[in-house]
Structures are given as structure tokens and as C-alpha cells.
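1. pasting the structure only:
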Ligand SMILES: [Zn+2]
């Protein structure tokens with residue numbers, strides 16, 4: 001590490017404290033499908049993502065699952081676990097190859113209890129992420145697959161900072177909580193409009209302004225929360 005945190009939460013901390021924390025964080029590479037935490041279990045590590053994306057997924061007893069949120073380099077993946085003793089029923093895994101800075105969860109928990117700056121930043125992070133999760137819950141209920149897919153592709157694009165990335169259709173289905181045929185139809189519609197190119201899991205956004213118009217209003221709401229994650233501090 002060259003001292004650049006590359007994580008918005010870490011960057012929002014006062015320099016001296018951030019450097020002391022950075023010295024105790026270990027950089028790790030996280031391949032696709034790496035599980036960061038399982039439902040109802042205390043996480044082993046706390047991860048500050050520095051690149052890539054982790055998905056928060058809710059699974060039903062039928063085996064069906066849907067993405068309820070994503071984490072990129074804006075925050076701390078296990079921030080909700082830090083707040084109290086409640087068991088968290090979601091699962092979190094790496095959806096696009098990621099890097100992170102991590103330390104044992106219990107160590108960060110102690111730090112959270114003892115350091116005001118870290119606690120303020122984590123609370124801010126949870127507040128913003130909480131609003132985003134609420135918005136996405138409403139989105140999944142009220143908006144159509146095509147506009148949700150556009151919204152989701154843009155959210156990923158903002159976090160990976162690239163207009164080309166790889167995603168399998170199975171992943172897309174899980175993310176949208178939709179059947180494979182629905183995802184195929186939605187991706188096909190966006191492609192016919194010249195907004196994306198999708199082939200063998202490779203997604204290329206060819207017209208991001210057009211894709212933004214095709215996305216539901218939730219994209220703008222989430223983006224503004226994302227850009228101002230720590231601005232109130
Ligand atoms: Zn929406």
C-alpha cells in the first residue's frame with residue numbers, strides 16, 4: 001500500500017488515525033464467489049473494499065435469492081454487524097473480483113467501541129447504506145426488470161469505474177430477483193436500443209447517458225447517496 005486508502009470510509013478519517021489503522025489492515029485479493037459473511041454468523045474479518053463489488057443477498061427457503069444491496073469501495077462490508085448483537089440474516093459474497101483491506105472483525109469491533117472518529121464514520125456509512133437498501137427494496141417491488149437492469153448496470157459501472165465488465169446471466173438473475181428469461185428479455189431490449197452490448201457474460205455500456213434515461217429514478221437517488229456517503233461529517 002502506498003498510503004492511498006482507496007476506500008471512502010478510510011479516506012474520511014483524520015489522517016493520523018487513518019494511518020494508524022492502515023498499518024494494521026492487511027491487503028487481500030478476493031476472487032469471485034468468496035463469501036465475506038454467512039447469515040446469522042459473526043464475520044471473521046472486517047473488509048474495507050478497495051476495488052470490485054460484493055453483493056448482499058437474501059435467500060428464501062425455496063432456494064430463490066435476490067440481491068438486496070451492494071458494497072464497493074464506499075464503505076465497510078460488515079458495518080451493520082458492528083452496531084449491535086442482532087444476527088444479520090443476509091449473506092455477502094464477492095460478485096466482481098475485489099481487493100480489500102481487512103483485519104479480524106473482533107479487533108475492529110474493539111476499535112469501533114473506543115474510537116469516536118471510526119464510530120462516526122461507520123454510523124454515517126450505515127445510515128447511507130440503510131437508505132440505499134430501502135430504495136432498492138421499493139425499486140424491486142415497483143419497477144420493471146428493464147429499468148432495474150439499467151439502474152443496476154449503472155450502479156456497478158460507478159463502483160468498478162469501467163464501462164466493460166463480466167457478469168454471468170445466472171448472476172444477473174440473482175441480482176434482479178428475476179427469471180433467466182426475464183433477464184434475457186431485459187438485456188435484449190437494452191441492447192436493441194443501442195445502450196449496451198452483452199455477449200457471453202461480457203457487458204459493455206455503449207451509451208451511458210441513454211442507459212441513465214432507461215433506468216428508473218432509483219439510480220439518481222442511490223447515486224446521490226453514494227456520492228455523499230460521508231459528506232455530512
Ligand atoms: Zn427503481
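-> Received the coordinates, thanks. As the structure is a computational prediction, the values presented were derived from the model and not from experiment. Residues are numbered from 1 along each chain as shown.

2. pull the longest helix from the protein.
-> Longest helix in the chain by number of residues (criterion: DSSP state H): helix 116-142.

3. Could you name the helices and strands sitting against that helix?
-> helix 8-11, helix 15-22, strand 65-71, helix 79-82, helix 105-114, helix 145-160, helix 218-227 (3 or more C-beta pairs under 8 Å, 6 or more residues apart in numbering; DSSP states H and E). Any C-beta I mention is one placed from the backbone N, CA and C, and that applies to glycine too.

4. Of all these, which one is nearest the ion?
-> helix 218-227 (3.1 Å; C-beta to the ion).

5. Report whether the closest one contacts the ion.
-> Yes - using C-beta under 5 Å from the ion, helix 218-227 reaches the ion at residue 218.

6. Show me what that helix is packed against.
-> helix 116-142, helix 145-160.

7. Next secondary structure after the shortest one?
-> Using DSSP states H and E, the helix or strand that follows helix 145-160 in sequence is strand 164-166.

8. contacts for that following strand?
-> 96, 156-157, 201-205 (C-beta atoms under 8 Å, 6 or more residues apart in numbering).

9. Give me the buried subset of these.
-> 96, 156-157, 203, 205 (16 or more other C-beta atoms under 10 Å).

10. what comes up buried for the lowest-mean-pLDDT helix or strand in the chain?
-> For the chain, using mean pLDDT, DSSP states H and E, the weakest element among its helices and strands is helix 169-176, scoring a mean of 74. Neighbour counts over helix 169-176 (16+ other C-beta under 10 Å) mark 171-176 as buried.

11. neighbours around residue 95, how many?
-> As a burial measure, residue 95 scores 23 neighbours (other C-beta atoms under 10 Å).

12. check which helix or strand covers it.
-> Using DSSP H and E, residue 95 maps to strand 91-104.

13. so who does residue 71 touch?
-> 49, 53-56, 77, 92, 129.

14. for the ion, what are the nearby residues on this structure?
-> Taking C-beta under 5 Å from the ion as the contact definition, the chain meets the ion at 139, 143, 216, 218.

15. swap the cut-off to 6 Å and go again
-> 139, 143, 148, 151, 216, 218 (C-beta under 6 Å from the ion).

16. any chance of the residues you listed in TSV, plus distance to residue 65?
-> TSV is the format used below for those (distance: C-beta to C-beta, whole Å):
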residue	distance to residue 65
139	17
143	19
148	16
151	19
216	21
218	20
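
17. are any of those residues buried, and which?
-> 139, 143, 148, 151, 216, 218.

18. Let's see the pLDDT reported for the first one.
-> Meaning residue 139. Reported pLDDT at residue 139 in the predicted model: 92.

19. do the last one as well
-> On the pLDDT scale, residue 218 is placed at 96.

20. cool, the second one as well?
-> Note on residue 143: pLDDT of 94.

21. try the third one
-> At residue 148 the predicted local distance difference test score is 93.

22. List the contacts of the residue of the chain positioned farthest from its centre.
-> Note on the chain: the largest C-alpha distance from the chain mean falls to residue 192, namely 28.0 Å (C-alpha atoms, centre = their mean). By C-beta under 8 Å, 6+ apart, the contact set of residue 192 is empty.
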